[in-house]
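Peer 1: model the following, please.
(chains A and B)
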Protein chains: 2
Amino acid sequence: MSDPITEQIHEMGRQSRTAAYALSQLSTEKKDTILRAMAQGLRDASTEILSENQKDILAGEQKGLSSAMLDRLHLDDARLEAVAAALEHVATLPDPVGQVLEDWVPASGIRIEQVRVPIGTIGIIYESRPNVTADAAALCFKTGNATILRGGSEAIHSNRAIASALDAGGKKAGLPEHSIQLVPFTDRASVAAMAGMDQWLDLIIPRGGKGLIETVVSLARMPVIKHYDGICHLYVSEQADQEMAVALTVDSKTQKPGVCNALETLLIQESVAAEFLPKVAAALRSKDVELRGCEASRAILPDLIPATEEDWSTEYLEKIISIKIVPDIAAAISHINTYGSHHTDCIVTTDEAEAEGFLHSIDSACVMHNVSTRFADGGEFGFGAEIGISTDKLHARGPMGLRELTSYQYRVRGKGQTKE
Amino acid sequence: MSDPITEQIHEMGRQSRTAAYALSQLSTEKKDTILRAMAQGLRDASTEILSENQKDILAGEQKGLSSAMLDRLHLDDARLEAVAAALEHVATLPDPVGQVLEDWVPASGIRIEQVRVPIGTIGIIYESRPNVTADAAALCFKTGNATILRGGSEAIHSNRAIASALDAGGKKAGLPEHSIQLVPFTDRASVAAMAGMDQWLDLIIPRGGKGLIETVVSLARMPVIKHYDGICHLYVSEQADQEMAVALTVDSKTQKPGVCNALETLLIQESVAAEFLPKVAAALRSKDVELRGCEASRAILPDLIPATEEDWSTEYLEKIISIKIVPDIAAAISHINTYGSHHTDCIVTTDEAEAEGFLHSIDSACVMHNVSTRFADGGEFGFGAEIGISTDKLHARGPMGLRELTSYQYRVRGKGQTKE
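Peer 2: Numbers count the residues shown, from 1 in each chain, chains lettered A, B, ... in the order given. Purely as a prediction, here's the structure:
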């Protein structure tokens, strides 16, 4: 606790507590006005943000970052305008804070209300994308939470410029001091310092690769909401409409292969495999997807690449799919519950009873019948905004919108009731 | 991972996963039948349970446990019957599993249902009370969760006998194997082994003293729901009905001083302190409560024991109360949010607007107006059963009943919708 990094981060924590109280007292209207002012702050500072972003890009090029990484870092006028517009969109969404979830009067006559309230202070630890600085801050702010952001070293100049623009813009409309703070350090010690200060941070959301999440999970004393892999499955039953099954497989796999709700493993019921596999393989190949198959599938299509045990638990995030033939739905369920990541899994069948059996047996955040796995998404769910897709089972599971950034409290009103 | 304790506990984790799946498929009726059979199992094994309990009592006496500790350990026919009856009561409660929390159809036409499901496997780490073995197992079982119990060394014989009776009784009615497992070790290494196996345990609930909770929090990789202190406050406004304020203070402090929702600190508005303090002091003293006061209160009643800074953050859990005079409601709110433990805090006032200001500004699980703090309780809330009172803000806050032992999943039904 004596090193200066830890001390400075703890001081930020202390300051965020005061901010969190101020934020919890703001009206929805006031918060929305501030969000629009923050968007304007980004526009006003666009020259500086883009020039700071250039420093990150140059440093990234010197470090030899991949072109995909550099693209994620890159900001231009259009991208910055999209970030500003996203803040304005958050201002239009309904505010979950203050919503009464339930109210009732038990026998004693006390009146109990369960009401949504902000969580308090949320720590966001993320990697390269600088837009997360604004997006995450906006969602946490809209729900009345203070935010402590700790971005990656690759985007540090961009992040500083964005955070300072949000603060400058927001303050013009009354943003409480220390509502949105950016940690000025990007080393591992700063993650450890945040993970240890459970007296100031109520929640940490790590956004990034598995290594980052693992580090946070092993260090954190406060709740962590994790966004691990999406090893998503699609099971094609012998009762499936095969044309629909081909379309859903192709869409789930190829519409955006690099995201967590993209398909990774196709399971096919044995009795229809000889008929279905060639059709789906042709459709996937026409979209340049690499096919890796189990032994039984290679007996039908010998040119499939042999799938290894490791394939069943791999999130490719690219145009690769693993294919396994299973005898029946029970084997499909068992495979998914064993190798899956409990994110999103789908059955294709025309048999309603079979579909219901699947939906009730798969231990995943999203279970689907005759829908592309790509619909497991806060936008498609109508949440209006998404902070991520939780692979945890507690507090928030699956797509997380604004309400998942709230807690609740019980407000109890009485007439002097005592127990004795 | 190579030591035998860790290996055995991990093996229990693996087995609980299979049990959790079986439990998730049981109907409410089946679960209730099994709960009644577990109650009968306790009754059938009463002779053995009580004789094993005697071993714990003797060992405790030799170790020099306090009489309060020994009383917590002690079982007799009446206490065991109460435990059995509690299992039967859980069988009568509504089952939250399967409840549809929300359903809607977004623009794409997919039908989305948010449904309560079991969490999976829950670890309960507790100290001396052997009844927790049955109580916690019953609540987790009713909600379709597998349970791994790890009790304290003082109660190990009783815990083993109870767990084995639950298993034997339950199996007669179809309890899936490994649904309720008791860790046979009571050393710290077994806590560390449980806290590390996030691949098998979805949640840990530590029940016991601060030291135990701290240990679990620092080691756990999975979510932990904590039950920390209750440093509860009652604020008496100048607008209070003083007779009511005296009654609420006495009830909150003395009706059961050793529990977390008992009152610890009384705050009195300055303008009425000279009138109110002597009345409440006399009433508390007539119940043998020790009074510790701030300087201003000692100016009114010089025989109060001086309160130190430490008193404001102490959970006495006995007949001691700290008293502070504050200028106004803002000072009361600030004191509570600073020194309190965010458990339960109450205002006494006849002014509705003032009460609402308090309820909206206190960052605690239960905020109350004109009610004894002792009403912050699952029983008083009508939950039918209580696994504890969470001082966390995520997933479950305040009194935790059956529904707080569930997660949810999204079930999505479509007609072949694709994104492209």
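Peer 1: spell out which parts of the stretch 201-350 of chain A neighbour chain B.
Peer 2: With CB under 8 Å from any CB of the partner chain as the criterion, the stretch 201-350 of chain A meets chain B at residues A:202-203, A:217-218, A:221, A:223-225, A:241, A:244, A:247-248, A:250-251, A:255-256, A:337. C-betas here are computed from N, CA, C, even on glycine.
Peer 1: got the domain ranges for chain A?
Peer 2: As recorded under automatic domain parsing, the domains making up chain A are A:4-226+A:398-413, A:232-375.
Peer 1: these into CSV, with extra columns for mean neighbour count and mean pLDDT?
Peer 2: As requested, those are exported to CSV (neighbours: other CB atoms under 10 Å in any protein chain shown; pLDDT from 0 to 100):
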stretch, mean neighbour count, mean pLDDT
domain A:4-226+A:398-413, 20, 96
domain A:232-375, 20, 97
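Peer 1: adding distance to A:Ala385, write those domains out as JSON lines.
Peer 2: Formatted as JSON lines, the domains of chain A follow (distance: least, CB to CB, whole Å):
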{"stretch": "domain A:4-226+A:398-413", "distance to A:Ala385": "6"}
{"stretch": "domain A:232-375", "distance to A:Ala385": "17"}
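Peer 1: of all those, which one is nearest B:Val105?
Peer 2: Set against B:Val105 and scored by CB to CB, the domains of chain A come closest in domain A:232-375, at 12.2 Å.
Peer 1: mind checking pLDDT for A:Met1?
Peer 2: A:Met1 carries a pLDDT score of 51 in this model.
Peer 1: hey, where'd the strands end up in the stretch 101-250 of chain A?
Peer 2: Per DSSP state E, counting those that start in this stretch, the stretch 101-250 of chain A carries strands over the ranges A:111-118, A:121-126, A:146-150, A:180-182, A:203-207, A:232-236.
Peer 1: send me the fifth one as PDB with only the CA atoms.
Peer 2: Taking C-alpha atoms only, strand A:203-207 is exported to PDB below (Å, rounded to 0.1, in the frame of the first residue of the first chain):
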ATOM      1  CA  LEU A 203     -17.500  -4.300  -9.400                       C
ATOM      2  CA  ILE A 204     -14.800  -4.900 -12.000                       C
ATOM      3  CA  ILE A 205     -15.600  -5.700 -15.600                       C
ATOM      4  CA  PRO A 206     -12.600  -6.800 -17.600                       C
ATOM      5  CA  ARG A 207     -13.000  -6.500 -21.300                       C
END
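Peer 1: next, the angle strand A:121-126 makes with it.
Peer 2: Calculated by axes from the mean of the first three to the mean of the last three CA atoms, to 10 degrees, strand A:203-207 forms an angle of 20 degrees with strand A:121-126.
Peer 1: also the last one?
Peer 2: Orientation check (the same axes, to 10 degrees): strand A:232-236 against strand A:121-126 gives 80 degrees.
Peer 1: strands paired with strand A:232-236, and their directions?
Peer 2: Here strand A:232-236 is paired, per DSSP bridges, with strand A:263-269 (parallel), strand A:344-348 (parallel).
Peer 1: what of the longest one?
Peer 2: Paired neighbours of strand A:111-118 in the sheet (DSSP bridges): strand A:100-104 (antiparallel), strand A:406-417 (antiparallel).
Peer 1: likewise the third one?
Peer 2: The partner list of strand A:146-150 in its sheet, established with DSSP bridges, is strand A:121-126 (parallel), strand A:180-182 (parallel).
Peer 1: do a quick rundown of the strands in the stretch 251-400 of chain A.
Peer 2: Along the stretch 251-400 of chain A, counting by DSSP E, counting those that start in this stretch, strands occupy A:263-269, A:290-293, A:305-306, A:320-326, A:344-348, A:366-371, A:388-390, A:398-400.
Peer 1: turn these into JSON lines, columns for distance to B:Asp351.
Peer 2: Listed next are the strands of the stretch 251-400 of chain A as JSON lines, based on distance: least, CB to CB, whole Å:
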{"stretch": "strand A:263-269", "distance to B:Asp351": "60"}
{"stretch": "strand A:290-293", "distance to B:Asp351": "71"}
{"stretch": "strand A:305-306", "distance to B:Asp351": "75"}
{"stretch": "strand A:320-326", "distance to B:Asp351": "66"}
{"stretch": "strand A:344-348", "distance to B:Asp351": "52"}
{"stretch": "strand A:366-371", "distance to B:Asp351": "48"}
{"stretch": "strand A:388-390", "distance to B:Asp351": "42"}
{"stretch": "strand A:398-400", "distance to B:Asp351": "39"}
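Peer 1: how near is the closest residue to A:Ala86 other than its chain neighbours to A:Glu127?
Peer 2: Among residues not flanking A:Ala86 along the chain, A:Asp135 sits closest, at 6.1 Å (CB to CB, 6 or more residues apart in numbering or on different chains). Noted for A:Asp135: a distance of 14 Å to A:Glu127, by CB to CB, to the nearest Å.
Peer 1: tell me if I'm right that A:Lys253 and A:Val289 touch.
Peer 2: Yes. Under the criterion of CB atoms under 8 Å, A:Lys253 makes contact with A:Val289 at 6.0 Å.
Peer 1: need the overlap of contacts for those two.
Peer 2: Listed as contacting both A:Lys253 and A:Val289 by CB atoms under 8 Å, 6 or more residues apart in numbering or on different chains are A:319, A:321.
Peer 1: rewinding a little: what about the strands paired with strand A:232-236, which gets the closest to A:Glu88?
Peer 2: strand A:344-348 (30.0 Å).
Peer 1: tell me the angle the closest one makes with strand A:366-371.
Peer 2: 30 degrees.
Peer 1: stretch A:363-378 and chain B, any residue contact?
Peer 2: Yes. Judged by CB under 8 Å from any CB, stretch A:363-378 comes into contact with chain B at A:363-372, A:374-376.
Peer 1: restricting to C-alpha, output that stretch in PDB.
Peer 2: Taking Å, rounded to 0.1, in the frame of the first residue of the first chain, the C-alpha atoms of stretch A:363-378 are listed here in PDB:
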ATOM      1  CA  ASP A 363     -26.800 -24.800 -19.400                       C
ATOM      2  CA  SER A 364     -26.100 -21.700 -21.400                       C
ATOM      3  CA  ALA A 365     -26.900 -18.000 -21.200                       C
ATOM      4  CA  CYS A 366     -28.800 -18.100 -24.400                       C
ATOM      5  CA  VAL A 367     -30.500 -21.300 -25.800                       C
ATOM      6  CA  MET A 368     -32.200 -21.000 -29.100                       C
ATOM      7  CA  HIS A 369     -34.600 -22.800 -31.400                       C
ATOM      8  CA  ASN A 370     -34.400 -22.100 -35.200                       C
ATOM      9  CA  VAL A 371     -32.500 -18.800 -34.800                       C
ATOM     10  CA  SER A 372     -29.000 -17.700 -35.900                       C
ATOM     11  CA  THR A 373     -26.600 -17.700 -32.800                       C
ATOM     12  CA  ARG A 374     -25.700 -14.100 -33.900                       C
ATOM     13  CA  PHE A 375     -29.000 -13.000 -32.300                       C
ATOM     14  CA  ALA A 376     -27.500 -13.400 -28.800                       C
ATOM     15  CA  ASP A 377     -26.800  -9.700 -28.600                       C
ATOM     16  CA  GLY A 378     -28.000  -6.800 -26.500                       C
END
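Peer 1: the residue in the stretch 201-350 of chain A positioned nearest to chain B and A:Glu315, how far apart?
Peer 2: Residue nearest to chain B within the stretch 201-350 of chain A: A:Asp251 (3.7 Å; CB to the nearest CB). Distance, A:Asp251 to A:Glu315, using CB to CB: 18 Å.
Peer 1: for A:Ala163, same thing?
Peer 2: From A:Ala163 across to A:Glu315, the span is 31 Å (CB to CB).
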